[in-house]
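1. Sequence isn't available, so here's the structure alone:
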Ligand code: UTP
């Protein structure tokens, strides 16, 4: 029997420089899409996938993130007094039970691989998920749930993958495909941020992973890869071709928004706004008017 995936690591210790000056005081993961912080979308996706323990790798200045998951008794009392039951329910859904969430510090931003390695003792000897909250995925069935189901078939290590335009490969880890089975692909190589002419495919890795504990061993060697950081891709690539492991890419069904970039964040705001019944008409009306007036001005 394969061990169930019940723990997820959220590496959120990066500097978030693309959103300065906002990220000087607001952690990127707390920035809101409509009325919920990015991290809430990630938590909901994890719960749907059966995750029970949430491990955050944080850094200095991420206090707002810890506060967000705390109980807010005064606020809850006020809402109760005013009979705002619906809001109260929304608020309560953000609380974490004691012991369900853990925070660990990455003292230096040495890269994504290093951030994951920091959580090794909290995960122990079992498969685990890694979720980057700034990759937000709109999907009928939450992306990580799709992956957990696929992982039950494959085992090993699994990375979420999507087709990107060839000129964009240098922003991603890119898969070299051994066998394409449709939604699941068997991987024979991984290249971090290749120039388009060096990219083995246009199947790019995005921020959802299911990994075996062997990855911690690989990270232990703290190899320095592209850009001087400790790369997670390198540690995963070491598992390629192993009989008891292997690496699989998973083409998820859904739309991914890169909320770590300004353009992606704005697109997600519009898309998630339009998806909300109470906002759709207003927002759609505004966008239509805006586009018409821009066209007329051309
Ligand atoms: P990014 O490459 O998006 O970096 O990291 P960043 O610092 O968040 O943002 P920019 O590029 O400066 O604007 C991808 C993920 O890895 C985490 C980040 O928090 C983010 O979730 N990370 C990165 C760490 O936890 N530690 C690191 O040392 C580096």
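-> Arrived safely, thanks for sending. Just so we're clear, the structure is a prediction, and the values are computed from it rather than from any experiment. Numbers count the residues shown, from 1 in each chain.
2. so residue 114 makes contact with residue 216?
-> No - shown here, residue 114 and residue 216 do not form a contact pair, counting by CB atoms under 8 Å, at 11.5 Å. Where you see a C-beta, it was placed from the backbone N, CA and C, and this is true even at glycine.
3. The two: which is more packed in?
-> Using other CB atoms under 10 Å as the criterion, residue 114 and residue 216 rank with residue 114 on top: 22 against 19.
4. Once you drop chain neighbours, what's closest to that one?
-> residue 230 (4.1 Å; CB to CB, 6 or more residues apart in numbering).
5. That neighbour sits in which helix or strand?
-> If you go by DSSP states H and E, residue 230 is not part of any helix or strand.
6. how many other residues sit next to it?
-> Neighbour tally, residue 230, other CB under 10 Å: 20.
7. And for the one 4 residues further on?
-> Residue crowding around residue 234 was assessed by other CB under 10 Å; the count is 21.
8. What of the one 3 residues further on?
-> The burial metric for residue 237, expressed as a neighbour count using other CB under 10 Å, is 22.
9. do the same with residue 174
-> Applying other CB under 10 Å, we find 27 residues neighbouring residue 174.
10. If I look at it, what pLDDT would I see?
-> For residue 174, the model assigns a pLDDT of 95.
11. so for the helix or strand harbouring residue 281, what's the average pLDDT?
-> Using DSSP H and E, the element containing residue 281 is helix 277-297. The average pLDDT within helix 277-297 is 94.
12. now stretch 153-171
-> Mean predicted lDDT for stretch 153-171 stands at 95.
13. try stretch 127-146
-> 97.
14. That one: which residues count as buried?
-> Using 16 or more other CB atoms under 10 Å as the test for burial, stretch 127-146 gives 127-137, 139, 142-146.
15. got the end-to-end distance for that stretch?
-> Using CA to CA, to the nearest Å, the end-to-end distance of stretch 127-146 comes out at 16 Å.
16. hey, where'd the strands end up in this protein?
-> With DSSP state E applied, the chain shows strands at 7-11, 32-33, 36-37, 53-58, 101-105, 128-131, 135-138, 157-163, 173-180, 184-192, 203-211, 247-251, 255-258, listed in chain order.
17. out of the ones you listed, nearest to residue 87?
-> strand 36-37 (13.1 Å; CB to CB).
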